[in-house]
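In: Sequence first, then the predicted structure, then my questions.
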Amino acid sequence: MANSTSNTASVLNTLNNTVSANITIGNYPVALGNYISSYVNTTGIASNSIINDGITIYPNPAKSTLTFHSQLSILNSQLIITDIMGNEVYKQAINGTDNSIDISNLSNGIYFYQVITDKKTIGGKFEVVK
């Protein structure tokens, strides 16, 4: 976690939610990315992006099936899902506006998706809870 006012980065122990070390790294460090939210009264995974990229996934959290809905038809696109460690766990060609995929073999946890079209790559995250 970047601490811009003290010019440090904190190493967080996620097992007990404590700071295990502070590292001096330079002037006004900034951290960018998507993080698991601890906001009260939220469902699913919060994102720090409010940009509507035209793809909706549901349900989130999911148990066994995940649907990718596109506002526009996505033709000849590639869907790649990775786990939190960056390991590819699913890959499939997708087409059209609605694509349902079987995620019943995935364990509980956070996963990241990329939809690679001919014009751009759209990404996001979802949670599996069984």
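Out: Yes, it's here. Residues are numbered from 1 along each chain as shown.

In: Just name the shakiest helix or strand of the chain by mean pLDDT.
Out: Lowest mean confidence among the helices and strands of the chain (mean pLDDT, DSSP states H and E): strand 2-3, at a mean of 76.

In: Low-confidence regions, this structure specifically.
Out: The model of the chain has pLDDT under 70 over residues 31-53.

In: One more pass at 50, please.
Out: 37-52 (pLDDT under 50).

In: picking that back up, which outside residues touch the least confident helix or strand of the chain?
Out: 9-10, 22, 29-31 (C-beta atoms under 8 Å, 6 or more residues apart in numbering). C-beta coordinates here come from the backbone N, C-alpha and C atoms, glycine included.

In: Same question for stretch 6-25.
Out: 1-3, 26-29, 31.

In: Please name the bridge partners of residue 67.
Out: For residue 67, the beta-bridge partners under DSSP bridges are residue 58, residue 100.

In: Please name the nearest non-neighbouring residue to residue 110.
Out: Excluding its sequence neighbours, the residue lying closest to residue 110 (C-beta to C-beta, 6 or more residues apart in numbering) is residue 84, at 5.0 Å.

In: Phi, psi for that neighbour please.
Out: Taking degrees, to the nearest 10, you get phi -70, psi -20 for the backbone angles of residue 84.

In: And it, how far from residue 127?
Out: 10 Å (C-beta to C-beta, to the nearest Å).

In: shared neighbours, those two?
Out: 109-111.

In: need the strands for the chain, in chain order.
Out: In the chain, the strands defined using DSSP state E lie at 2-3, 8-13, 18-24, 55-58, 65-83, 88-102, 109-116, 121-128.
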